[in-house]
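Novice: turn this into a structure:
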Amino acid sequence: MKITIALPSSLVAEANSLLEKTLKIGFIARVLSIFKVEKAVIYVDKSADLDERGLIDKLFNYILCPQYLRKKVFPLDPDLRYVGLMPPLNTPNHPLEKHVDEIPKISYREGLIIGQKGQNRYIVDVGLEKPVIIHEKKALQHEERVLLKLIKKNGDIEAYLVEKKDIPYYFGFDVAVTDMSLKEVIASFKNKMLIIATSKYGEEIQKEVRNLMKKMKSYSNKVLLLFGSPFKGLYEIAKVEGFNLDEEVDFILNFIPEQGTKTIRIEEALCSVLAILNFLYRAYSRTG
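Specialist: Numbers count the residues shown, from 1 in each chain. Model prediction:
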């Protein structure tokens with residue numbers, strides 16, 4: 001299952017301080033990583049006066065960066081004052097090994113170009129006791145971030161440039177902070193992915209399980225999940241934008257019927273929706 005999440009630019013608007021906003025993004029990043037989300041798209045919430053895309057972008061990009069590169073990639077910034085309190089992601093793209101003898105024979109790491117050694121030879125920091133050298137014909141820029149395949153041979157490392165799609169296991173999610181409205185995000189994914197809007201006014205999930213799984217299979221298990229803001233649901237945001245949500249998405253589903261609280265926070269909704277979807281996908285993929 002390949003999941004993309006659409007979240008509003010007002011994502012952290014209800015948090016009262018930079019500390020709370022930082023912790024919220026850290027928790028959301030953990031949730032997305034646990035359920036192997038591939039991409040988070042931030043859309044412009046036109047129902048809100050506050051637009052914090054800049055802060056959201058900084059915080060997500062910081063926590064997604066491997067810990068061994070952070071001091072080199074991110075200069076001192078007051079917006080990053082509390083990032084030390086963010087939880088570690090502990091995903092495969094955030095390895096903790098620091099020595100060559102600790103890493104497996106074949107591994108993948110993100111690196112930072114820190115120098116050049118002759119023509120087509122680049123020095124790359126990959127968080128080990130010494131940098132690695134890659135041979136690459138295409139020009140790479142100083143401080144460019146790259147993905148590498150590392151092969152350990154007799155205590156030495158051979159390193160090769162790779163793309164994320166070439167890595168044979170989950171390697172974290174990407175974030176795209178956009179200028180698109182909710183409607184524009186839907187349009188950009190329409191007919192490419194199964195689009196599910198989450199809402200307490202939607203059909204209860206248990207009533208749509210068979211239809212949902214059948215439709216998901218027709219989209220090769222590619223799913224876009226839409227979430228509203230801390231203050232406005234998707235129906236209200238769609239109304240502000242002037243379109244009918246029911247006409248633009250495949251399903252509008254209530255994943256938490258008879259909720260016990262008046263509202264559900266985005267991070268709580270993410271946990272619930274992704275857990276239920278993960279369970280259903282795994283249960284139905286095994287039974288056919």
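
Novice: in the protein, what helix or strand scores lowest on average pLDDT?
Specialist: Scoring the helices and strands of the chain by mean pLDDT, DSSP states H and E places helix 266-287 at the bottom, with a mean of 91.

Novice: what are the buried residues along it?
Specialist: Neighbour-count burial for helix 266-287, with 16 or more other C-beta atoms under 10 Å as criterion, is recorded at 266-267, 269-274, 276-277, 280-281, 284. Every residue, glycine included, has its C-beta placed from N, CA and C.

Novice: just the CA trace of it, in CSV.
Specialist: In CSV, the C-alpha atoms belonging to helix 266-287 read as follows (Å, rounded to 0.1, in the frame of the first residue of the first chain):
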residue,chain,number,x,y,z
ILE,A,266,-5.0,15.8,13.5
GLU,A,267,-2.4,13.7,15.1
GLU,A,268,-5.1,11.6,16.8
ALA,A,269,-7.0,11.2,13.5
LEU,A,270,-3.8,10.2,11.7
CYS,A,271,-3.1,7.4,14.3
SER,A,272,-6.7,6.1,14.0
VAL,A,273,-7.1,6.3,10.3
LEU,A,274,-3.7,4.8,9.4
ALA,A,275,-4.1,2.0,11.9
ILE,A,276,-7.5,1.0,10.6
LEU,A,277,-6.4,1.2,7.0
ASN,A,278,-3.3,-0.8,7.7
PHE,A,279,-5.3,-3.5,9.4
LEU,A,280,-7.9,-3.7,6.6
TYR,A,281,-5.3,-3.8,3.9
ARG,A,282,-3.3,-6.6,5.5
ALA,A,283,-6.4,-8.6,6.3
TYR,A,284,-7.9,-8.3,2.9
SER,A,285,-4.7,-8.7,0.9
ARG,A,286,-4.2,-12.1,2.6
THR,A,287,-7.7,-13.3,1.9
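
Novice: does anything pack onto it? Which helices or strands?
Specialist: Helix 266-287 sits against strand 2-8, helix 18-34, helix 209-218, strand 222-226, with contacts defined as 3 or more C-beta pairs under 8 Å, 6 or more residues apart in numbering; DSSP states H and E.

Novice: can we see that at 6 Å?
Specialist: Secondary-structure packing of helix 266-287 (3 or more C-beta pairs under 6 Å, 6 or more residues apart in numbering; DSSP states H and E): helix 18-34.

Novice: can you list contacts of the helix it packs on?
Specialist: Applying C-beta atoms under 6 Å, 6 or more residues apart in numbering, the contact partners of helix 18-34 are 12, 15, 59, 63, 82, 86-87, 89, 91, 173, 267, 270-271.

Novice: among those, which lie within helices?
Specialist: The members of the contacts of helix 18-34 that map onto helices under DSSP state H are Leu59, Ile63, Glu267, Leu270, Cys271.

Novice: tell me the spacing between the residue nearest to the second one when sequence neighbours are not counted and Asn221.
Specialist: Think Ile63. Leaving aside its sequence neighbours, Ile63 sits nearest to Ala29 (C-beta to C-beta, 6 or more residues apart in numbering; 4.8 Å). Distance from Ala29 to Asn221, counting by C-beta to C-beta, to the nearest Å: 23 Å.

Novice: which one of those two has more residues nearby?
Specialist: Each of Ala29 and Asn221 has its neighbours counted (other C-beta atoms under 10 Å); Ala29 has more, 24 against 15.
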